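Engineer: here's a sequence, model it:
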Amino acid sequence: MSDSPQSVSPELYTTFTQSVRDLADATLRTNAGAEAIAAAQAEIEAITARLAADQIPGTHGEHCTGPMGVAGWGNTVVGLRNAAAMPLHFTYSDDGNRLWADFTPGALYEGPPGHMHGGVIAMLLDQALGEIAVRSGRPGLTANLSINYKLPTKLNTPLRIEAWYDRTEGVKTWTAGTITSEQGVCAEAEGLFILPRWVRDLPPEEAAKLHQHD
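Structural biologist: Numbering: from 1, shown residues only. Prediction:
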């Protein structure tokens, strides 16, 4: 492979990864017969072998920390190179204390028939609540996530996820958020995030860099 991960544009990775998401959705919902599936499997296995011939060991975040913020490209909720991600694209308020994203989950995220899996809802809310803790300048790792499921969350329906900063006490930060549909609040959550000890021990000028965002 002639291009390194840092030499290929984010736009190319975005469209490439979306094509893999589309493949996963087609795999789930196809009515193709045995012969067509066998032929497709052979093609997919050949492509997989070609891509696997030159790859990083372990996880993306462990090894790809170069320019363009690529360390987050493997994130399972927002990672542009992770085909398992939706991905969510957050918009932030000017003060950095609120974010939101509109999305429409498809068949890959099913739990109860026709509805989003509760574990996927929890994962999305955990990401959003953690993101707003970082954006507000108070990063931390999830210590507690409390979710109330209010309404069934239908698939193939426009949804909005929102999160906002609540308060900080020492190394502890609380945030909250919701997922809503046209019918109302589907799920609401509160999160507690704790600043890791390794960050607390950094010199102030280094710790300040972790609070910065684009």
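Engineer: quick one: E162 from E43, how far?
Structural biologist: Distance of E162 to E43, given as C-beta to C-beta, to the nearest Å: 41 Å. Glycine gets a C-beta too; all of them are placed from N, C-alpha and C.
Engineer: which of the two has more neighbours?
Structural biologist: Comparing E162 with E43 by other C-beta atoms under 10 Å, the one with more neighbours is E162, at 19 against 9.
Engineer: that one in helix, strand or coil?
Structural biologist: Under DSSP: H, G, I helix; E, B strand; the rest coil, E162 falls in the strand class.
Engineer: what sits closest to it if chain neighbours are left out?
Structural biologist: W100 (4.5 Å; C-beta to C-beta, 6 or more residues apart in numbering).
Engineer: the helix or strand harbouring that neighbour: how far from the chain's middle?
Structural biologist: Element membership for W100, per DSSP states H and E: strand 98-103. Centre-to-centre, strand 98-103 and its host chain are 12 Å apart (C-alpha atoms, centre = their mean, to the nearest Å).
Engineer: parallel or antiparallel, which strands does that strand pair with?
Structural biologist: Sheet pairing here is set by DSSP bridges, and for strand 98-103 it gives strand 91-92 (antiparallel), strand 159-169 (antiparallel).
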